[in-house]
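sequence and computational prediction follow.
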Amino acid sequence: MFTILKQLPADPILGLSVKFKADNNPNKIDLGAGIYKDVTGHTPVLACVKTAEQFRVDNETTKAYISSAGSALFNEKMTELILGDHKVITQNRVRTVSTPGGTGALRVAGEFIKTCTPGATIWVSNPTWANHQGVFKAAGLNIKTYPYYDYENNNLDFDGMLAALKQIPKEDAVLLHACCHNPSGMDLSKEQWQQVADVTKQIGFMPVVDMAYQGFGENLDADAYGLRLLANTVDQMIICSSCSKNFGLYRERIGACSIIGKSATAADIINSVLLNVVRVMYSMPPASGAAIVETILSSAELTTQWHGELKEMRDRINGVRQLLVDKLIENGVTRDFSFITTQNGMFSFLGIDKAQVQRLQDEFSIYIVGSSRISLAGISPDNVNYLTQSIAKVL
């Protein structure tokens, strides 16, 4: 059986991390990994998480299975975090299940869509997170793309996006990034979200919103604006969320898949199908990360502390954007990189070509994805001069 297998190429981002670790250059910089790092290059455990973990150690009494839906308290708190005091909650139209990270939430969503419509197509932005297509393809969905980023002008191609959305068949699904678009950093304005919501309602396709970075853009509520507007406009939608970034729980693998139905009765039917999808995929979600998050969100003191720590991470990334642009100018780069400061989240495209990206790696040990997408969290005051001087040389 195994003799028919052929060697597959390494994941482009994970493969970069392997090369980075093997590099002996003391000045090496990893701008590939999509993970938050502080100014020292360390990914810290949040203080509020430490407190919640200790509470769990002191109070946990069993390691018995939890249900396929996961922790009811976690699901409730995540639904409130995502949707606020939205009417769909008071109308009892939302059903949420815990998932193994945001990736697990996306896979559950994909399997759910396939159950509803075998052979369904989901449209994703061009570009989108590198793993979106793989996850949905593995779930048995067909993948198509709609325009999103204007590489030539380093801006959002909203006209192209809207025109494409107007042509999508009613029976298809459309993946939208709630905020901090990965990999471009370009987000929709409130006015643009309104137009997308109007088209979604007019056409009737199924919106699937991926919210992996809530709190990393402007703030927790502002980052959920488009998602909540959609929920206020359409009868049905799917939301995939992650606690990896905003709680720093990368290893804990905890996220949520929330589905909004037309009514409470419809939501109950959705929930029964959702639980069946989970049961045959991984049976039960992990409990540790969910316990940490629900402990934080159930405590006013820990929630306040979390808000402060999240703001610190957000402010660092936003500060790095301005720092990078300033240092490029300081080191003699005449090309306009000001677009970087107008974006949100941890990512941006530098807009350099593949040969220049390869030179940065080969000559300067600066590791960037071939598309020129950089993870801004890898930049610090200690390495930004070396980085911008190197970019100046390859330009």
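Good, I have the coordinates.

please enumerate the helices of the stretch 201-350 of the chain.
Ranges of helices within the stretch 201-350 of the chain are 220-223, 225-233, 264-281, 288-297, 300-330, based on DSSP state H, counting those that start in this stretch.

His132: which of these is closest?
Between His132 and the helices of the stretch 201-350 of the chain, the tightest spacing by CB to CB is seen for helix 225-233, at 17.0 Å. To be clear about C-beta, it is placed using only N, CA and C from the backbone, and glycine gets the same treatment.

mind exporting the C-alpha coordinates of the closest one to PDB?
Extracted in PDB, the C-alpha atoms of helix 225-233 (Å, rounded to 0.1, in the frame of the first residue of the first chain):
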ATOM      1  CA  TYR A 225     -17.900  45.000  13.100                       C
ATOM      2  CA  GLY A 226     -18.200  43.300   9.700                       C
ATOM      3  CA  LEU A 227     -19.100  40.000  11.200                       C
ATOM      4  CA  ARG A 228     -21.900  41.500  13.300                       C
ATOM      5  CA  LEU A 229     -23.200  43.500  10.400                       C
ATOM      6  CA  LEU A 230     -23.500  40.400   8.400                       C
ATOM      7  CA  ALA A 231     -25.300  38.600  11.200                       C
ATOM      8  CA  ASN A 232     -27.700  41.600  11.300                       C
ATOM      9  CA  THR A 233     -28.300  41.400   7.500                       C
END
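
how about the strands of the stretch 51-200 of the chain, start to end?
Per DSSP state E, counting those that start in this stretch, the stretch 51-200 of the chain carries strands over the ranges 94-99, 121-126, 142-147, 149-150, 155-156, 173-177.

which ones are touching Arg373?
Pro183, Ser184, Phe347, Ser348, Phe349, Leu350 (CB atoms under 8 Å, 6 or more residues apart in numbering).

now it: closest residue in space, sequence neighbours ignored.
Closest residue to Arg373 apart from its sequence neighbours, by CB to CB, 6 or more residues apart in numbering: Pro183 at 4.1 Å.

show me what contacts Asp150?
Per CB under 8 Å, 6+ apart, neighbours of Asp150: Leu156, Asp157, Gly160.

what bridges to it?
Note on Asp150: beta-bridge partners by DSSP bridges are Asn155.

what's the most buried one of the strands of the stretch 51-200 of the chain?
Ranked by mean neighbour count, the strands of the stretch 51-200 of the chain are led by strand 94-99 with a mean of 27 (mean count of other CB atoms under 10 Å).

by contact count, what packs against that one?
Packing contacts for strand 94-99, counted by 3 or more CB pairs under 8 Å, 6 or more residues apart in numbering; DSSP states H and E, involve helix 72-83, helix 101-116, strand 255-260, helix 264-281.

tell me which of those sits nearest to Leu376.
Of all the helices and strands packed on strand 94-99, helix 101-116 sits nearest to Leu376, with 19.3 Å by CB to CB.

counting contacts, what elements does that closest one pack onto?
The contact analysis (3+ CB pairs under 8 Å, 6+ apart) places helix 101-116 against strand 94-99, helix 132-138, strand 206-211, strand 237-242, strand 255-260, helix 264-281.

tell me which residues in that helix are buried?
Of the residues in helix 101-116, 101-114 count as buried by neighbour count, 16 or more other CB atoms under 10 Å.

same check, this time on stretch 328-338
Leu328, Asn331, Val333, Phe337.

widest-spaced pair of these?
The most distant members of those, if one measures by CB to CB, are Asn331 and Phe337, lying 11.4 Å apart.

who touches both of the two?
Residues touching both Asn331 and Phe337 by CB under 8 Å, 6+ apart: none at all.

returning to what we had before: ok, so of the buried residues of helix 101-116, who is nearest Leu16?
Scanning the buried residues of helix 101-116 for proximity to Leu16, where the rule is CB to CB, the winner is Thr103, at 18.5 Å.

OK, contacts around that closest one?
By CB under 8 Å, 6+ apart, the contact list for Thr103 reads Asn131, Val135, Ser242, Gly255.

surely the third one is in contact with Gly102?
Read it as Ser242. Yes - here Ser242 reaches Gly102: they are 2.8 Å apart, a contact under CB atoms under 8 Å.

list residues touching both of these two?
Shared contacts of Ser242 and Gly102, counting by CB under 8 Å, 6+ apart, come down to Ala212, Gly255.

against Val94, how distant is the spatially most central residue of the chain?
Taking CA atoms, centre = their mean as the criterion, Ala212 is the residue nearest the geometric centre of the chain, at 2.8 Å. Using CB to CB, to the nearest Å, Ala212 is found at 19 Å from Val94.

one more: Lys37?
Applying CB to CB to Lys37 and Val94 gives a distance of 34 Å.

average pLDDT for stretch 18-38?
Stretch 18-38 carries an average pLDDT of 93.

list the contacts of the residue nearest to Ala164 when sequence neighbours are not counted.
Of all residues not flanking Ala164 in the chain, Tyr146 sits nearest, at 3.8 Å (CB to CB, 6+ apart). By CB under 8 Å, 6+ apart, the contact list for Tyr146 reads Trp123, Val124, Ser125, Asn126, Gly160, Met161, Ala164, Leu165, Ile168, Val174.

is Tyr146 in a bridge, and if so with what?
Ser125.

one more: Tyr367?
With DSSP bridges as the criterion, Tyr367 is bridged to Asp30.

need the contact list for it.
Contacts here follow CB under 8 Å, 6+ apart; on that basis Tyr367 touches Leu16, Ser17, Lys19, Phe20, Asp23, Lys28, Ile29, Asp30, Leu31, Gly32, Leu360, Gln361.

I'd like to know how far it sits from Tyr386.
Tyr367 is 13 Å from Tyr386, by CB to CB.

overlap in contacts, the two.
The contact lists of Tyr367 and Tyr386 share Ile29, where a contact means CB under 8 Å, 6+ apart.

now for the residue nearest to Phe74 when sequence neighbours are not counted: which residues touch it?
Excluding the flanking residues, the one nearest Phe74 by CB to CB, 6+ apart is Ala290, at 3.8 Å. For Ala290, the contact set (CB under 8 Å, 6+ apart) comprises Gly70, Ser71, Phe74, Ser98, Ile254.

having no further points to raise, I will conclude here.
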